[in-house]
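Engineer: What follows is a predicted structure for the sequence shown.
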Amino acid sequence: MPKVRRTRKHLPDGWELIEPTLEELEQKMREAETEPHEGKRKVEALWPIFKIHHQKSRYIYDLFYRRKAISRELYDYCLAENIADKNLIAKWKKQGYENLCCLRCIQTRDTNFGTSCICRVPKVKLEEGRIVECIHCGCRGCSG
């Protein structure tokens, strides 16, 4: 995952407002990357990284589209510097994908039967009491 600030070019107005939160998420990312993975399944080691990546992208998305608290220039800067995932944000803008956890969950090539991930199945369609956990990112249901 890229660092929060990689270049020293002109920072857009409003950067100082979001920088502390992004630095905090970046620190959590570093901790998740260096966390020991003994005793975990192979796929479980990456789940905290996916979760923090999702949080960072959702933070930028909410600031721009929901609260309208940052400018277009700052939003474009965050996308250009890979602070937020532009492909994931593009999916969040589409109907039915508002709560998507990661892009791997909708890729059909990663599943046995050529369908989307189990976390994309609505909870009302699943058996009562069944705990669903995505093998890609650890999501417990992002379809709603």
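Structural biologist: Nice, thanks for sending it over. This is a predicted model, so every value here is computed, not measured.

Engineer: helix, strand or coil for residue 95?
Structural biologist: coil (DSSP: H, G, I helix; E, B strand; the rest coil).

Engineer: what's it sitting at in phi/psi?
Structural biologist: phi -70, psi 130 (degrees, to the nearest 10).

Engineer: let's have the chain start at 47 instead
Structural biologist: OK, 47 is where the count begins now, so the last one is residue 141.

Engineer: if I look at it, how far off is residue 106?
Structural biologist: 21 Å (CB to CB, to the nearest Å). No exception for glycine: its C-beta is placed from N, CA and C like everyone else's.

Engineer: Likewise for residue 72?
Structural biologist: 13 Å.

Engineer: more crowded one of those two?
Structural biologist: residue 106 (22 against 18; other CB atoms under 10 Å).

Engineer: Was I right to think the more buried one contacts residue 130?
Structural biologist: Yes - contact criterion CB atoms under 8 Å: residue 106 and residue 130 qualify, at 3.9 Å.

Engineer: which residues do those two both contact?
Structural biologist: residue 124 (CB atoms under 8 Å, 6 or more residues apart in numbering).

Engineer: What are the structural domain limits within this protein?
Structural biologist: Listed domain ranges for the chain are 56-139, 141-189 (source: the TED database).
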